[in-house]
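1. next comes the sequence, and after it the predicted model I'd like to discuss.
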Amino acid sequence: MRKTRTTKISGRVLRWIRGPWAPLVIGVILISAMITFRIYLNIRSAKIDEARRSEWTPPFQELAAHLEEVIRSYNISLNVVGSEDWTGGIWQVHVPADLPIPSLHLAFQQEVRPFGADILQAKSDPSSGRVSLQVGWRDSAFFLIQLLPMMDKQWGGGKIALVIDDFGLKWSSLVESYIALGNEITLSVIPGERMSTRVAREAIRGGCEVILHLPMEPLSAPFTDNGYIILSKMPLYKIREVLRRSFESVPTASGVNNHMGSRVTSDRQTITQVLQELHKFGIYFLDSRTTSTSVAYDVAVELGMKCAKRDVFFDVDIDREEIRSRLNELSEKAKEQGYAIGIGHCHQATFSVLQEEMPKLRKKGFQFVRLSEVMQ
């Protein structure tokens, strides 16, 4: 009797296994088991991580040494009170009037996080302008940084306007990298090229200022008249046609600088007609000064239009050390004059050096601005 009952049960099991729903039910069971096991592993891993975190503390001595180096790199004074070393005391940082305290606050926040620490609390005193930053980990304060404004001392080194020429020929990761620099550079786009309009529009979306890199006839270099170049002795109606066509190709341009152009910028009659047309529409002009005989800037001043002239070509030689040297020359001019304009080109070497040197120059007090900000 028992054998018969067992046989009947076995038969039912076999029929169920062979039935249409069996694979689905088995699959659900297996997936549920896997999910349950995965949840168990995640919980176990989280507990282990929590245990490790509870045992770990940030390397405060290393953090203190690093922050001291950061502060010194800004060429500003620092002293510590209430402690014989850098830990446990109050760091008094004397901030010149033209160094924005919020910029320092942000810089410190970025510098402490790789060490596992954070700015636990920030307090500002509206009457004195003093800002106090409590640096620590979790609920434990490590030290206090006081940013003390110095109203009678200036810090800045001057404004630097970086103009990067020759965009529009193509779209590439290098072009995207330049655009990612945002409002710290001005992109100069050649009209009539395959990617001119796209680069001009994407650059504006990325926060860059855009100007038209207007081709003009050179003295001796070869050139092609593709309908987007100003020629010497060109009649006014032709100049207007070229300008209209060029601005349609680079629709977001707020200014113009010359591409080549040594013959035209030395020709007072032609360059006067060009600048008069630009002035009508409130377009500013940068004389790239491709020749020492250029009269373009002088004419622009006479017309009363917003204008400027280039101080330094910083990548004539595509050599990283030479570019670095020219950027140093540019910063010296900015310190001397209050601002300086440098022109570079869409090269990988130029971008790489800018990536390295711009943070250093910022720390020395130089400010990177749009070209329009230094137009006179």
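-> Perfect, thanks for sending it. Numbering: from 1, shown residues only.
2. ok, Asn183 touching Glu373?
-> No - Asn183 is beyond contact range of Glu373, at 9.4 Å (criterion: CB atoms under 8 Å). In short, each C-beta sits where N, CA and C put it, glycine included.
3. hmm, which helix or strand of this protein has the shakiest average pLDDT?
-> helix 2-18 (a mean of 56; mean pLDDT, DSSP states H and E).
4. first-to-last residue distance for stretch 251-262?
-> Criterion CA to CA, to the nearest Å; first-to-last residue distance in stretch 251-262 is 25 Å.
5. repeat that for stretch 333-348.
-> For stretch 333-348, the end-to-end distance is 25 Å (CA to CA).
6. contacting residues around it?
-> Residues outside stretch 333-348 that contact it (CB atoms under 8 Å, 6 or more residues apart in numbering): 157-167, 169, 174-175, 178, 257, 286, 288, 308-315, 318, 323, 326-327, 330-331, 350, 354, 366, 369, 371, 374.
7. do that again at 6 Å, thanks
-> If you take CB atoms under 6 Å, 6 or more residues apart in numbering as the criterion, stretch 333-348 is touched by 157-167, 174, 308, 310-315, 318, 330, 350, 374.
8. who does the host helix or strand of Gly344 pair up with?
-> Of the helices and strands defined by DSSP states H and E, Gly344 is found in strand 339-345. Paired strands of strand 339-345, with direction, are strand 158-167 (parallel), strand 312-313 (parallel) (DSSP bridges).
9. what's the neighbour count on the closest residue to Phe115 other than its chain neighbours?
-> Closest residue in space to Phe115, ignoring its immediate chain neighbours: Leu63 at 4.3 Å, by CB to CB, 6 or more residues apart in numbering. Leu63 has 22 neighbours, counted by other CB atoms under 10 Å.
10. for the helix or strand containing Leu63, buried residues please.
-> Using DSSP H and E, Leu63 sits within helix 60-73. For helix 60-73, the neighbour count (16 or more other CB atoms under 10 Å) marks Phe60, Leu63, Ala64, Leu67, Ile71 as buried.
11. just stretch 323-330 next, same as before
-> Ile323, Arg324, Arg326, Leu327, Leu330.
12. next: stretch 108-121.
-> Quick answer for stretch 108-121 (16+ other CB under 10 Å): Phe108, Glu111, Val112, Phe115, Ala117, Ile119.
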